[in-house]
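In: Sequence first, then the predicted structure, then my questions.
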Amino acid sequence: MQDTKNFTAREFECPCCGREKMDQGFVDKLQSLRDLLDAKISVVSGWRCARHNKKVGGKVDSPHLFGHAADIACKGSRSRFNLIEALIEVGFSRIGIAEGFIHADDDPDKIQNVIWLY
């Protein structure tokens, strides 16, 4: 991927192998999110190789494997609400909510307009 104004490819590297294969359109959408929020976004998990995905309990067809997902650090109910509202506004329609992060993906091969809990 090409770096954007606020994101570098390094932020999306798999911690297991150091590779990164993010979809540029996905990262551009994250940049739109960053611009809208006008606040730093911390990516907890970006691209994953199959080995790392299995290690963390990811699904065999996880969007992380294809560069269409990121887990974004988020704590507190107000921050969670603001992030989810902004994700929807910039066009994300697949959102997962965990206590310490929000998963956002735009995998075109998966059902859209869903929010789930971890």
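Out: Noted; the coordinates are in hand.
In: Run through who's touching the helix or strand harbouring Arg34.
Out: Using DSSP states H and E, Arg34 sits in helix 24-37. With C-beta atoms under 8 Å, 6 or more residues apart in numbering as the test, helix 24-37 has contacts from 1-2, 4-7, 12, 40-41, 67-70, 82-83, 86-87, 89-92, 104-106. Quick note: C-beta positions are derived from backbone N, CA and C, even for glycine.
In: what comes up buried for that helix?
Out: Burial within helix 24-37, assessed by neighbour count using 16 or more other C-beta atoms under 10 Å, is assigned to 26-27, 29-34, 37.
In: want to throw those residues into JSON lines with distance to Cys16 and pLDDT?
Out: Formatted as JSON lines, the buried residues of helix 24-37 follow (distance: C-beta to C-beta, whole Å; pLDDT from 0 to 100):
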{"residue": "Phe26", "distance to Cys16": "20", "pLDDT": "98"}
{"residue": "Val27", "distance to Cys16": "20", "pLDDT": "98"}
{"residue": "Lys29", "distance to Cys16": "25", "pLDDT": "98"}
{"residue": "Leu30", "distance to Cys16": "22", "pLDDT": "98"}
{"residue": "Gln31", "distance to Cys16": "25", "pLDDT": "98"}
{"residue": "Ser32", "distance to Cys16": "29", "pLDDT": "98"}
{"residue": "Leu33", "distance to Cys16": "26", "pLDDT": "98"}
{"residue": "Arg34", "distance to Cys16": "26", "pLDDT": "98"}
{"residue": "Leu37", "distance to Cys16": "29", "pLDDT": "97"}
